[in-house]
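**Student:** Got a predicted structure plus its sequence, pasted below:
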Amino acid sequence: MWTDALTPVRWVYRSVLLILLCLVGLLPTVVLQGRFGQARLWRGRSLAEHSLMAFSGGVCRVFGLRPRVHGKPLPGPVLITANHIAWLDIELLHSAGAMSFVGKAEIARWPLLGFLAARGGTIFHRRGSHDSAAGVAGVMTAKLAEGSRVAVFPEGGILPGEDIKRFHARLFKVPVEAGCPIQPVMIRYVRDGRRDPGTTFLPGENLVVNSIRLMGRPACDAELWFLPPYTVEDRSRRELAAVAEQAITAAYEQPIGTDGV
């Protein structure tokens, strides 16, 4: 948890930044997620999206991330599929655009983040429950039908190891039913020209311990690559999952600093 001599300094000033962010930005962000913020547009985005992007970008910086966004998310309806490394993946994606996430039910109980996730349209899923999975698929289809972006982490959670894990195909039936495109997104945390494995949960860490450790670490670059989308025509859900997995893996394995991902 103690990284270097500046760790306590980072804890102090980032804690102050977090308090200021919550005091100044939390209430407007929550309020603007309602009908008023959704209906008012500015520079091609709703006030709801602008506020969520700004707040999420602030959260990233409080926890030592410098977002580096390449490309843009498609306007909805689209299924965003991304690899999953850290709980901050959600904030990183939200810093680039508003989208509804499929997340584990435990997130709803997380302090502050659970409340924001619910207000941001997160679809909570109880792992191992077939009824929950069916309900999640129905809500995802409805949100896509409304023209929203929906994001999933097809690896099924934050798993040990640095490589991209196998993508599960179950939720890829949703874009088939909705008739919407799929956009793969690669997430990679980088420090000193190499992938930084320290953003994920280390053995024995929970959310609180991980958050405290991240607040004390030197900042790292958080790369977010929005890759070319593809359509669902004449493909099974397993084929669709494989296309996303291959695209994200290829981008993830590109040398750091490559512009042609």
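**Tutor:** Arrived safely, thanks for sending.
**Student:** Check for me that Thr249 belongs to a helix.
**Tutor:** Yes - inclusion of Thr249 in a helix is indicated when DSSP: H, G, I helix; E, B strand; the rest coil is applied.
**Student:** first vs last residue of stretch 85-101, how far apart are they?
**Tutor:** 15 Å (Cα to Cα, to the nearest Å).
**Student:** can you offset everything so residue one is 37?
**Tutor:** Fine by me, first position is 37 from now on; the one you just mentioned is stretch 121-137.
**Student:** quick check: mean pLDDT across that stretch?
**Tutor:** The predicted model assigns stretch 121-137 a mean pLDDT of 93.
**Student:** Also stretch 61-72?
**Tutor:** On average, stretch 61-72 scores 90.
**Student:** Start and end of that stretch, how far apart?
**Tutor:** End residues of stretch 61-72 are separated by 17 Å (Cα to Cα).
**Student:** That one: which residues count as buried?
**Tutor:** 61, 65-66, 68-69 (16 or more other Cβ atoms under 10 Å). Every residue, glycine included, has its C-beta placed from N, CA and C.
**Student:** What about these, which are in helices?
**Tutor:** 65-66, 68 (DSSP state H).
**Student:** Any chance of CSV for those, columns distance to Gln219?
**Tutor:** Formatted as CSV, these follow (distance: Cβ to Cβ, whole Å):
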residue, distance to Gln219
Thr65, 25
Val66, 27
Leu68, 25
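**Student:** where are the low-confidence patches of this protein?
**Tutor:** 37-38, 141-157, 161-170, 294-297 (pLDDT under 70).
**Student:** ok, and the closest non-adjacent residue to the residue nearest the centre of it?
**Tutor:** Centroid-nearest residue in the chain, with Cα atoms, centre = their mean: Ile126, separated by 2.5 Å. The shortest distance from Ile126 to any residue other than its chain neighbours is 5.9 Å, reached at Phe137 (Cβ to Cβ, 6 or more residues apart in numbering).
**Student:** Give the bridge partners for that neighbour, please.
**Tutor:** Ala187 (DSSP bridges).
**Student:** distance of it from Glu281?
**Tutor:** 19 Å (Cβ to Cβ, to the nearest Å).
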